[in-house]
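A.B. asks: Please work out how this folds:
(2 chains)
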Amino acid sequence: DQQVKQNSPSLSVQEGRISILNCDYTNSMFDYFLWYKKYPAEGPTFLISISSIKDKNEDGRFTVFLNKSAKHLSLHIVPSQPGDSAVYFCAASADSGNTPLVFGKGTRLSVIA
Amino acid sequence: DSGVTQTPKHLITATGQRVTLRCSPRSGDLSVYWYQQSLDQGLQFLIQYYNGEERAKGNILERFSAQQFPDLHSELNLSSLELGDSALYFCASSVVGLTTYNEQFFGPGTRLTVL
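C.D. replies: The predicted model follows:
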């Protein structure tokens, strides 16, 4: 029973365009959501997060949107760059990040020059 | 560099053997988490320690155990290894409780191969 789902295993986008990565969750107790980026042979790197009291959080080229009623969040990358090519994991926590994270299976983003 | 270190980077061993994975958290972080990533899977939570005490348990097998020492480093012990234990094992750390929302920072992982 997957509580966090990333339904697109892969996504291919042209350099300069917008990348949109989606994530759905089922547990209404989740109150903190995070996106991690992972390169091969490295650990996941924290990218951006959003708490359930917000619906949008922005950091440079990265914006995360949260729709609590739909239990859906998305990560927007604008403009996409070749260096953004990586696997992106969506994760959720039920206690403001103080409990273990529940991860989706990841979406592999390829940004084509 | 996340500040979380893990050793060894790679480990190759045989079925039935026992191994120990080591993790040093970021300076100041009291909580350590262990996650397992098998092929084509997301990260699965194994166990969490906070300031030396076990705080949460996930899908950790009875053959696996962990501890956190007074200097806050942690070790994950895997015994009676099976082929299916081959995976990437990640350690993460966070401050827990000092601020409202706490992201976890991950180490580079240990790749375990059981032959």
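A.B. asks: ok, now which ones touch residue B:20?
C.D. replies: Going by CB atoms under 8 Å, 6 or more residues apart in numbering or on different chains, residue B:20 touches B:75, B:76, B:77, B:78. (Glycine included, C-beta is placed from N, CA and C.)
A.B. asks: who's in contact with the third one?
C.D. replies: Pointing back at residue B:77 there. So residue B:77 contacts B:18, B:19, B:20, B:21, B:64, B:65, B:66, B:67 (CB under 8 Å, 6+ apart).
A.B. asks: phi, psi of the residue most central in space within chain B?
C.D. replies: Per CA atoms, centre = their mean, the C-alpha nearest to the average position across chain B is that of residue B:34, at 2.9 Å. The phi/psi pair for residue B:34 (degrees, to the nearest 10) reads phi -120, psi 130.
A.B. asks: Check what pLDDT it gets.
C.D. replies: We note a pLDDT of 96 for residue B:34 in this prediction.
A.B. asks: likewise the one 10 residues further on?
C.D. replies: pLDDT, the model's per-residue confidence, is 93 for residue B:44.
A.B. asks: Nearest residue to it in space, please, no chain neighbours.
C.D. replies: Leaving aside its chain neighbours, residue B:44 sits nearest to residue B:36 (5.0 Å; criterion: CB to CB, 6 or more residues apart in numbering or on different chains).
A.B. asks: Can you spell out which helices and strands pack onto the helix or strand where that neighbour lies?
C.D. replies: Applying DSSP states H and E as the criterion places residue B:36 in strand B:31-37. The contact analysis (3 or more CB pairs under 8 Å, 6 or more residues apart in numbering or on different chains; DSSP states H and E) places strand B:31-37 against strand B:44-50, strand B:74-78, strand B:87-94.
A.B. asks: Pick the most deeply packed of those.
C.D. replies: Of all the helices and strands packed on strand B:31-37, strand B:87-94 carries the top mean neighbour count, a mean of 25, counting by mean count of other CB atoms under 10 Å in any protein chain shown.
A.B. asks: Mind checking if the helix or strand just after it is in reach of chain A?
C.D. replies: Moving toward the C-terminus from strand B:87-94, the next helix or strand (DSSP H and E) is strand B:105-106. Yes - using CB under 8 Å from any CB of the partner chain, we find that strand B:105-106 touches chain A at B:105, B:106.
A.B. asks: Can you name the residues in contact with strand B:105-106?
C.D. replies: For strand B:105-106, using CB under 8 Å, 6+ apart, the contacting residues are A:36, A:43-46, B:2-4, B:26, B:29, B:35, B:90-94.
A.B. asks: Can you tell me which of those residues is nearest residue A:3?
C.D. replies: residue B:35 (15.0 Å; CB to CB).
A.B. asks: and the residue nearest to residue B:44, what does it touch?
C.D. replies: If you count contacts by CB under 8 Å, 6+ apart, then residue B:36 has B:43, B:44, B:46, B:87, B:88, B:89, B:90 around it.
A.B. asks: do you know how far it is from residue B:46?
C.D. replies: 6 Å (CB to CB, to the nearest Å).
A.B. asks: which parts of chain A sit against chain B?
C.D. replies: So chain A meets chain B at A:4, A:32, A:34, A:36, A:41-46, A:49, A:51, A:89, A:91, A:96-106 (CB under 8 Å from any CB).
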